[in-house]
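> sequence? don't have it. structure:
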Ligand SMILES: Nc1ncnc2c1ncn2[C@@H]1O[C@H](COP(=O)(O)OP(=O)(O)OP(=O)(O)O)[C@@H](O)[C@H]1O
């Protein structure tokens with residue numbers, strides 16, 4: 001990815017310091033500290049229950065940290081509500097996909113397309129949102145004018161729902177896109193269709209965090225990976241180097 005992803009090594013886009021969150025006696029994230037630079041694709045990996053989704057929830061305001069600091073573009077956003085964070089241009093997908101099941105697939109993009117962020121970025125001129133929504137679906141691999149665009153989202157096959165989730169992030173015109181297990185449940189053919197879309201986003205200068213269990217596919221596109229184990233970051237570096245580390249191998253033994 002290095003040749004097509006110009007990583008800005010200046011001030012980090014996202015700065016996380018000593019971030020911690022417990023649920024009762026469970027320490028889900030413990031003193032996490034890392035930086036993310038503009039244009040990077042960062043993978044977050046780790047065994048089940050290691051704190052990956054909690055990390056995403058902390059970064060996007062769905063869970064409040066017990067302690068620590070999150071800075072985005074130099075601004076302290078710790079404890080902000082999800083809608084304020086989304087407004088800054090941080091978008092996420094969810095592991096559990098809950099579309100507006102009754103609405104046509106393209107109509108599911110209407111909410112992000114009406115968001116205050118899109119309003120301010122477009123100077124209040126939204127244009128023809130149905131057309132924009134259909135363009136976005138095409139961008140994530142829905143065939144132009146295919147019937148699936150008009151189908152109720154609740155009836156879409158899994159692979160299309162994943163693409164719809166990604167399209168919602170694009171609709172928000174997010175700069176930082178956080179994908180929580182985007183690859184899970186996709187066939188090899190579906191993966192072959194979705195990976196180039198992510199590569200294109202990187203070329204466009206987006207910054208991406210991917211939580212993944214599909215390591216082989218992730219490692220082909222990630223600049224860097226963080227490994228979580230029992231809530232702690234146990235490794236941070238290039239995919240190949242990280243997987244060489246004994247602690248990482250041990251964390252994965254028996255679980256992957
Ligand atoms: N809302 C919650 N209430 C109580 N415990 C929680 C909550 N959310 C997460 N946990 C616990 O925190 C720990 C980390 O969970 P988390 O979902 O972040 O892990 P994960 O790495 O994303 O797991 P997976 O790969 O299975 O999705 C787990 O022990 C989990 O049970």
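Sure, I can see it. Model, not experiment: these values are computed from the prediction. Numbering: from 1, shown residues only.
> contacts and neighbour counts: CA atoms only from here.
Fine.
> out of everything not next to it in sequence, what's closest to the residue of the stretch 151-256 of the chain found nearest the ligand?
Distances between the stretch 151-256 of the chain and the ligand by Cα to the nearest ligand atom are smallest at residue 231, namely 6.8 Å. Distances taken as Cα to Cα, 6 or more residues apart in numbering place residue 29 nearest to residue 231, at 4.0 Å, with adjacent residues excluded.
> Just give me the neighbour total for residue 244.
10 (other Cα atoms under 10 Å).
> re the thing from before, my guess is the residue nearest to residue 231 is in a strand, correct?
Yes: using DSSP: H, G, I helix; E, B strand; the rest coil, the secondary structure at residue 29 is a strand.
> Is it in contact with residue 55, as I believe?
Yes: contact status for residue 29 versus residue 55: in contact at 6.8 Å, counting by Cα atoms under 8 Å.
> Bridge partners for the residue nearest to residue 231, pull those for me.
Under DSSP bridges, the beta-bridge partners of residue 29 are residue 21.
> Got phi/psi on the residue of the stretch 151-256 of the chain closest to the ligand?
The phi/psi pair for residue 231 (degrees, to the nearest 10) reads phi 80, psi -10.
> if you go through the stretch 51-200 of the chain in chain order, where are the strands?
Using DSSP state E, counting those that start in this stretch, the strands of the stretch 51-200 of the chain run over residues 67-72, 75-76, 90-92, 176-180.
> Can you lay out those as JSON lines showing mean neighbour count and distance to the ligand?
As requested, the strands of the stretch 51-200 of the chain are exported to JSON lines (neighbours: other Cα atoms under 10 Å; distance: least, Cα to the nearest ligand atom, whole Å):
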{"stretch": "strand 67-72", "mean neighbour count": "19", "distance to the ligand": "16"}
{"stretch": "strand 75-76", "mean neighbour count": "12", "distance to the ligand": "22"}
{"stretch": "strand 90-92", "mean neighbour count": "24", "distance to the ligand": "14"}
{"stretch": "strand 176-180", "mean neighbour count": "24", "distance to the ligand": "9"}
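> Out of these, flag the one nearest residue 117.
Residue 117 sits nearest to strand 90-92 of all the strands of the stretch 51-200 of the chain, at 10.4 Å, using Cα to Cα.
> now the nearest residue in space to residue 155 that is not next to it in sequence: how far from residue 153?
Excluding the flanking residues, the one nearest residue 155 by Cα to Cα, 6+ apart is residue 101, at 7.4 Å. Distance from residue 101 to residue 153, counting by Cα to Cα, to the nearest Å: 5 Å.
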